[in-house]
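Peer 1: Predicted model follows, preceded by the sequence.
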Amino acid sequence: MCDIVKILNAKYKLGNFTFVGDRRHCLSFQERYMGMLKGLVNSKTEHSRKDDILCNDESFDYGNADAIKSEILKLKYKPDCFICCNDFVARNVCNALKSLNINVPKDAIVVGFDNVSDATAIQPELTTFSVDKEFLGREALRTLVHRIENPDIPSRTITIGTYMIFRKSTDKSVYLSPTHT
């Protein structure tokens, strides 16, 4: 997330970023949020947590575009970029923005995470991060079996690399062209 914030900021000079998702849901959501904040600091872009949609997912339905729309309307500033905790939330952010007549990517950029199959089914196609899901599955199974066989060992954190996949939800270039009407 740190890298994509720096890339998008360098390319488009964005000023207002909003994270969408319950950062306390799991360690990876917290890491994504912290990565966005680090990217903003590195880009010398001011940010306040009031600019984020961090509702507790036990009491907020991130699957409801109307609920997300209501939270977007509460924001003090119009975000240039929505960094979402995952692709599911990003899809619903896109739907909420559409209902507000906010064009993605012309008026606001949206980034997801996980590279689920729906990431290419929505319009515009979603910029996201891909995770090696086969490796993740094998590692989860291996860890589970090891934990069953050794219940007293301490827990551990496993880090899995990702890579960015740029798609249309972050491509403002067609709207910045002097020939575009």
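Peer 2: Cool, the structure landed.
Peer 1: Wasn't Gly15 part of a strand?
Peer 2: No. Under DSSP: H, G, I helix; E, B strand; the rest coil, Gly15 falls outside any strand and is assigned coil.
Peer 1: okay but it is in contact with Cys81, surely?
Peer 2: No. Between Gly15 and Cys81 there is no contact under Cβ atoms under 8 Å: 9.1 Å. All C-beta spots, glycine's among them, are computed from the backbone N, C-alpha and C.
Peer 1: Looking at the two, which one has more neighbours?
Peer 2: Shown here are Gly15 and Cys81; by other Cβ atoms under 10 Å, Cys81 has more neighbours (23 against 14).
Peer 1: pLDDT score assigned to the nearest residue to the more buried one once chain neighbours are set aside?
Peer 2: With Cβ to Cβ, 6 or more residues apart in numbering as the criterion, Cys81 has its nearest non-adjacent residue at 4.3 Å, and that residue is Ile109. pLDDT recorded at Ile109 is 96.
Peer 1: Around Ile109, how many other residues sit close by?
Peer 2: Quick note: Ile109 (other Cβ under 10 Å) scores 23 neighbours.
Peer 1: Report the contact partners of it.
Peer 2: 8, 12, 14, 80-82, 127, 169-170, 172 (Cβ atoms under 8 Å, 6 or more residues apart in numbering).
Peer 1: Rebuild these as TSV, extending it with secondary structure, pLDDT and distance to Asn150.
Peer 2: TSV is the format used below for the contacts of Ile109 (DSSP: H, G, I helix; E, B strand; the rest coil; pLDDT from 0 to 100; distance: Cβ to Cβ, whole Å):
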residue	secondary structure	pLDDT	distance to Asn150
Leu8	helix	93	44
Tyr12	helix	92	50
Leu14	coil	90	47
Asp80	coil	94	49
Cys81	strand	95	44
Phe82	strand	97	42
Thr127	strand	94	40
Ser169	helix	95	44
Thr170	helix	94	44
Lys172	coil	85	51
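Peer 1: Can you tell me which of the residues you listed is nearest Asp118?
Peer 2: For the contacts of Ile109, the minimum distance to Asp118 (Cβ to Cβ) is 12.4 Å, reached by Ser169.
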